[in-house]
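> turn this into a model:
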Amino acid sequence: MTLEQLRIFVAVAEREHLTQGARALNLTQSAVSSAVATLEARYATRLFDRIGRRIVLTEAGRLFLVEARAVLARAAAAETVLADLSGLARGSLALTASQTVANYWLPPLIQRFRQDHPGITVSLAIANTETVSAAIRDGEADLGFIEGEVDDPALAMTAVAEDELVIVVPAGHGWARARPPASELRRGAWVLREPGSGTRAMFEAALPGLGLASGDLAIALELPSNEAICAAVAAGAGATAISRLVAANAIAAGRLATVDLPLPKRRFLALRHKERYLAKAAAAFLALASNGGR
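Next up is the predicted model:
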């Protein structure tokens, strides 16, 4: 069994699709199919069921996926230690971040880091807060960046920036002209991120300060991206709570308006695993983020 076979298996298993797995690894579909078939034949274990034109993981495949990911994480850690011996001249840095941080705060930092360390390859995966935390806990990324707090004893958290949540409505909405009472907030339609989102968790934690509980809200839509949220609200689907960073352009263009209801500020946090080796590249990026890009 080789690391390349494991990488191929994980890529296919995560997508449950041979072609997409091959594309992600920049390999031919025949090479990917051969690697999977070799694993199955060598260990006389079926890892995927072929159902029509689809493939799905078998029970053995699901169990093997956990172990394969763990082996690849350990191999990446070993490679990182060796790369550190050459300083920051070469190597890689895997980041994962929640949407607001990834789309609106991290890009200038990544560009500055690449200017300072051109030999370091930086990758960024975008997910919600729960998924980011899991990726750091499982060793799938070096550093994670999220909005709000997580309760995980395996993770070390460092505050790196501050953000402000605002409630926004379509331009011309009555709530933009006068502060609405709690009774109106209960009757109004809301467009929110999915459960597991840091933005949603922070908003729900702030509801008692507005005289509300999370069950009081009439949620018209749950959407998986900030951009979809802003577009839906601007189209009249309801109100939302969102980062001012995200809504700034739409507010300036007159498509959205803020509501005079104060929400607490929140912190952007960097996550790393307490017990995993912190590579020089990760340490350098964390220092850059903690100093606001300076």
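> next SSE downstream of the helix or strand bottoming out on mean pLDDT in the chain?
Using mean pLDDT, DSSP states H and E, the weakest-scoring helix or strand in the chain turns out to be helix 99-100, at a mean of 86. Next in sequence after helix 99-100, counting helices and strands by DSSP states H and E, comes helix 106-116.
> which residue lies closest in space to the spatially most central residue of the chain, excluding its sequence neighbours?
By CA atoms, centre = their mean, the chain has its centre lying nearest to residue 127, at 2.2 Å. Computed as CB to CB, 6 or more residues apart in numbering, the closest residue to residue 127 that is not its neighbour in sequence is residue 96, at 6.3 Å. Quick note: C-beta positions are derived from backbone N, CA and C, even for glycine.
> can you give me the neighbour number for the one you found?
Residues near residue 96, counting by other CB atoms under 10 Å, number 25.
> quick check: angle from the host helix or strand of it to helix 106-116?
Following DSSP H and E, one finds residue 96 within strand 91-97. Here strand 91-97 runs at an angle of 170 degrees relative to helix 106-116 (axes from the mean of the first three to the mean of the last three CA atoms, to 10 degrees).
> got the contact list for strand 91-97?
By CB atoms under 8 Å, 6 or more residues apart in numbering, the list of residues contacting strand 91-97 from outside reads 76, 80, 83-84, 106, 110, 113, 119-127, 131-132, 135-136, 140-146, 279-282, 285.
> now the residues you listed: which count as buried?
76, 80, 83-84, 106, 110, 113, 120, 122, 124, 126-127, 131-132, 135-136, 140-146, 279-282, 285 (16 or more other CB atoms under 10 Å).
> of those residues, which belong to strands?
120, 122, 124, 126, 143-146 (DSSP state E).
> partners of the longest strand seen in the chain, with directions?
Counting residues, the longest strand found in the chain (DSSP E) is strand 155-170. Here strand 155-170 is paired, per DSSP bridges, with strand 240-243 (antiparallel), strand 256-258 (antiparallel), strand 265-273 (antiparallel).
> what's the closest of those to residue 174?
strand 256-258 (10.3 Å; CB to CB).
> so which bits of the closest one are buried?
Judged by neighbour count (16+ other CB under 10 Å), strand 256-258 contains these buried residues: 256-257.
> same question for it, mean pLDDT?
With pLDDT averaged residue by residue, strand 256-258 scores 96.
> make 39 the first number, not 1, from now on.
Will do, 39 is the new start, and the previous item becomes strand 294-296.
> shaky segments in the chain?
Along the chain, the model assigns pLDDT under 70 to residues 123, 331-332.
> quick one, helices of it?
41-53, 56-63, 67-80, 97-122, 137-138, 144-154, 167-175, 220-225, 236-244, 264-272, 282-290, 318-328 (DSSP state H).
> JSON lines for the ones you listed, including distance to residue 298?
Converted to JSON lines, the helices of the chain look like this (distance: least, CB to CB, whole Å):
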{"stretch": "helix 41-53", "distance to residue 298": "45"}
{"stretch": "helix 56-63", "distance to residue 298": "47"}
{"stretch": "helix 67-80", "distance to residue 298": "56"}
{"stretch": "helix 97-122", "distance to residue 298": "48"}
{"stretch": "helix 137-138", "distance to residue 298": "22"}
{"stretch": "helix 144-154", "distance to residue 298": "30"}
{"stretch": "helix 167-175", "distance to residue 298": "28"}
{"stretch": "helix 220-225", "distance to residue 298": "12"}
{"stretch": "helix 236-244", "distance to residue 298": "15"}
{"stretch": "helix 264-272", "distance to residue 298": "17"}
{"stretch": "helix 282-290", "distance to residue 298": "14"}
{"stretch": "helix 318-328", "distance to residue 298": "32"}
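> pick the most deeply packed of these.
helix 137-138 (a mean of 26; mean count of other CB atoms under 10 Å).
> for that helix, the distance to its chain's centre please.
In this view, helix 137-138 has its centroid 7 Å away from the chain centroid, taken as CA atoms, centre = their mean, to the nearest Å.
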